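Below are the sequence and a predicted model for it; my questions follow.
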Amino acid sequence: MALSLPAIMKTTAARLSALYLLLFALCAVLLVLYMTSLSARMLTAQTQETINDEVLGLARAYQRGGLPVLVRVVEARSRQPGANLYLIADANGQILTGNVQSLEPGVIETEGWTTDPFSYQRFGEGELDRLRSGGSDQATPPANEGNTPQSTGEKGHNAIALVLRLPNQMIMLVGRDLGEPERFRAVISRALTLALGMMGLGGILIWFFVGRAALKRIDSVSDASRRIMGGDLSGRLPVTGAGDEFDRLSENLNSMLARIAMLNEGLKQVSDNIAHDLKTPLTRLRNRAEATLAGRHKTEEYRQALEGTIAESDQLIKTFNAILMISRLEAGYSSEQTGPVDLAATVSDVVELYEPVAEEAGVALETTVSEAFTINGNRELIGQALSNIVDNAIKYSTDAAEAPKVRVVLERAGNEIKLAVTDNGHGIPDDADRARATERFVRLEKSRSQPGSGLGLSLAKAIMTFHNGRLDLLPANPGLSVVMSFPLRETH
Amino acid sequence: MTAPQPSNEIAYNGSMKILVMEDDREAADYLQKAFAEAGHTAHVAGDGETGFALADAGDYDVMVVDRLMPRRDGLSVIAALRSRGNTTPVLILSALGEVDDRVTGLRAGGDDYLTKPYAFSELLARVEVLNRRASARESETVYRVGDLELDRLSHSVKRAGREITLQPREFRLLEYLMRHAGQVVTRTMLLENVWDYHFDPQTNVIDVHVSRLRGKIEKDFDKPILHTIRGAGYMLKGG
């Protein structure tokens, strides 16, 4: 994957890596700075203590034998190898004895601790340097003398010192070379640089292995979604099976896509059905009007034609409303409120509503309600579903071999409340036909002669889906049993 | 397009002054014309603000209010009118047809609710029933139409002095028809008011109930009293 730097920085993984890198580096720098300053202070304190000890010893020597003893002790100590510096000068700053050959001007003028480290040159060092630069290459490193710290070249060494004025106005300087603390500081700064470098490398490696892996997954998801947006609605996002966040995300997005595809399919079906089932009656409507206009008719005939037109329009409106309602219920975004519904009361209402129709059709309408059930639902919708089912049952029981009969039974079965409407007509013997009967606009061959939009059972099914229930069509031998099953503990 | 006329033998009881709030120009014109043909006077307001101003100033018998209108929606107009003490009956017209939309509409102060598309005969029947001059019968305990008499307290029905036995639902059906005697009552109005359901039954179950009732109150009597209004519904009217 060839990506330019700005493109890489646009990825969350790279940004996070950079951010972590920066934070860690900042912490490391702060820590190292703190440690350096702490240790530097400790070393300075140690150096000063050493110098104090030396001064004390020299003071004792001076008290013992005055200046000559002091000078002797200083000379003796100067000859010893070590980091200590000794110097005795006259009141004018002329160096008399000690192991310091030269130092920064002005250092010995002020009494007390030197405020800043000063540079100096040890006795005998100048000649050595000159000798070496004369003999060989210029780049030759300066000589190390005893355990004197590494030379800083022409500038000499750095040191701190205590400057004292002796009673006879002579100046004594006792100091210590700073080579050791400086070397320590150098080690620390090298370690710091190395640590920062490692951290940078680590950050890049982390990004490469962790961040880039995540990036790749996200890229595959966005590639897939681009394909899907491009019109391939059957496409799904990749699931690796690792069960991680990305898989969960993909799975959720996939189920969302499945739902969208389902709704889309529903929408397509609705528009197809509208086209098919509303166009036919609309054409009929138009033809009737045209035919009426074409000939000369009596007023009564005009009236009849107009009434027919109105009746047909009403039927169209009903069909249209039913399609809309089914779609809304199936899509699950119907805003219908739910509340307690007394199913037994709904059964008696609907049966009472259809009783005269049944009687007129010569169908016996019987009701068995084993107990009162109250569920959470929408009374209007349940009433409508039941009335559609009872309506169908009455229509289809009229061709029964024996006395036509429709039974409405409300009972508990396991953890469900079943509301079954059973007729003793011919039923739907074919299993496939029975399954198809609840599809929109499906009107099985035998029912073509009956009036109706073919939406009654589809609407009932959608209403049951809305109530988290089921609508089943079962053979009743003879006849058909349409069963509405509500979950017993209904929470909508 | 003309509105279906009631049969000639039926005369509507008085003309009404109706305010129509509807933003669709064509629909509003059609309503105005159709109401005029039915013998009523209709004024049209094309948006909510105009509608509110007209309703607040004029003395209307019934208002027909579209739910979705520019400048101010129907429900807010109704609520504002109600809060100003205006009690004019309101019928809400809406393209939103779910049960809950109806509930919201009625809660906002509407008296009736009709979903688009609707039949004008249905709208006319509902508007005439809403007419406040007709609603005075609510408080009467005995309804009389011709020689038919219904006592709401003792639940008894008599015609020409003869007792008629009715089932409880038949009684409520007749009660509703008598309360709106002389007015067209549609099948959906009966289903809503007598059975408290708002859906369209697949079969015209209401017709069978009405014809049963008709059998009981007209059998053995010379004069028909419960008339079928073609393309619209039913009307109870004494001779």
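Structure received.

Need the three-state assignment for residue A:474.
Reducing the assignment at residue A:474 to three states with DSSP: H, G, I helix; E, B strand; the rest coil gives strand.

So it sits against residue A:483, correct?
Yes - the pair residue A:474 and residue A:483 qualifies as a contact (C-beta atoms under 8 Å) at a distance of 6.2 Å. Yep, even glycine has a C-beta here, placed from its N, CA and C like the rest.

Of these two, which one has the most company?
In terms of neighbours (other C-beta atoms under 10 Å in any protein chain shown), residue A:483 is the more surrounded of residue A:474 and residue A:483; the figures are 20 against 15.

Just grab the bridge partners of that one for me.
When bridges are assigned using DSSP bridges, the partners listed for residue A:483 are residue A:420, residue A:472.

swap in the one 4 residues further on?
Residue A:487 has the following beta-bridge partners by DSSP bridges: residue A:416.

residues touching it, list them.
Contacts here follow C-beta atoms under 8 Å, 6 or more residues apart in numbering or on different chains; on that basis residue A:487 touches A:415, A:416, A:417, A:468, A:469.

how far away is residue B:156 from residue B:174?
Residue B:156 sits at a distance of 11 Å from residue B:174 (criterion: C-beta to C-beta, to the nearest Å).

wait, residue B:66
Residue B:66 is 34 Å from residue B:174, by C-beta to C-beta.

burial count for residue 187?
Just so you know, I chose chain A. The tally of other residues near residue A:187 (other C-beta under 10 Å) stands at 11.

my bad, chain B
Neighbour number of residue B:187 under other C-beta under 10 Å is 19.

contacting residues around it?
Residue B:187 makes contacts with B:204, B:206, B:207, B:233, as judged by C-beta under 8 Å, 6+ apart.

who's in contact with the last one?
Read that as residue B:233. By C-beta under 8 Å, 6+ apart, the contact list for residue B:233 reads B:121, B:125, B:184, B:185, B:186, B:187, B:189, B:190.

What is the three-state secondary structure of the second one?
The one in question is residue B:125. Applying three-state DSSP to residue B:125 yields a three-state assignment of helix.

so what's it closest to, chain neighbours aside?
Nearest residue to residue B:125, sequence neighbours excluded (C-beta to C-beta, 6 or more residues apart in numbering or on different chains): residue B:184, at 4.2 Å.

residue boundaries of the strands in the chain?
Picked chain A for this. Assigned strands in chain A, in chain order: A:84-89, A:95-98, A:100-103, A:112-113, A:118-122, A:157-165, A:171-177, A:339-342, A:364-369, A:374-377, A:405-413, A:416-423, A:470-475, A:480-487 (criterion: DSSP state E).

Switch to chain B, please.
For chain B, strands defined by DSSP E occupy the ranges B:17-21, B:41-45, B:62-66, B:90-94, B:112-115, B:142-145, B:148-151, B:156-159, B:162-164, B:185-186, B:226-229, B:233-236.

Burial check on the residue nearest to residue B:199 when sequence neighbours are not counted, number of neighbours?
Nearest in space to residue B:199, with sequence neighbours left out and distances taken as C-beta to C-beta, 6+ apart, is residue A:384 at 4.2 Å. Using other C-beta under 10 Å, residue A:384 is surrounded by 25 other residues.

and if you look at the one 5 residues further on?
Here the neighbour count serves as a burial measure; for residue A:389 (other C-beta under 10 Å) it reads 27.
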